[in-house]
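> Just a sequence and a predicted model for now, questions to come.
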Amino acid sequence: MISDLYPVLPVVALCLFLAAIAAPVFLPRLADLPGRLWPLPLVASVLFFLWSLHALAEGGLGGVWAEHVRNAWGNQVWFDLLMAVGLAWVLLLPRIKRAGMRPLPWLLAVAATGCIGLYLMLARCLYLEQRRSGAA
């Protein structure tokens with residue numbers, strides 16, 4: 001039953017991605033609200049975690065690695081994920097430090113879970129920034 005969604009879910013994810021990156025460009029007022037938007041990366045992280053549990057149940061612990069070493073496209077996806085998560089980490093690191101977050105636990109979470117930890121880190125950072133601006 002869930003496997004019937006496999007061809008559809010990448011299209012849904014693409015649409016959500018395009019909406020997320022286009023919204024701040026076409027709706028500039030969203031750029032003024034990042035602190036209030038902290039629940040969005042939190043929800044994204046939880047949903048992706050749940051999907052990851054499904055993938056883990058279906059493919060086992062070795063499933064991720066098997067996909068990345070299968071062929072050139074699997075390698076390319078792995079490289080792309082590492083580059084994107086690394087870039088996001090480098091860009092968010094100064095911000096999480098300013099928010100009072102300790103980097104090491106978040107580095108471990110991101111290294112272990114990829115985007116799940118990254119989105120949780122972003123949600124926490126946005127929350128702390130909102131709380132700080134509300135207190136100021």
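Arrived safely.

> now the helices for this protein?
With helices called from DSSP state H, the chain shows them at 9-26, 39-59, 63-68, 72-98, 103-113, 115-135.

> lowest-pLDDT helix or strand in the chain?
Least confident element among the helices and strands of the chain, by mean pLDDT, DSSP states H and E: helix 9-26 (a mean of 89).

> Off-centre distance for stretch 5-23?
When distances are taken as Cα atoms, centre = their mean, to the nearest Å, stretch 5-23 is centred 14 Å away from the chain's centroid.

> How about stretch 38-49?
From the chain centre to the centre of stretch 38-49 is a distance of 8 Å (Cα atoms, centre = their mean).

> Would you mark the buried spots in it?
38, 41-42, 44-45, 48 (16 or more other Cβ atoms under 10 Å). From N, CA and C alone the C-beta is placed, and that goes for glycine too.

> Distance of Arg132 relative to Trp38?
12 Å (Cβ to Cβ, to the nearest Å).
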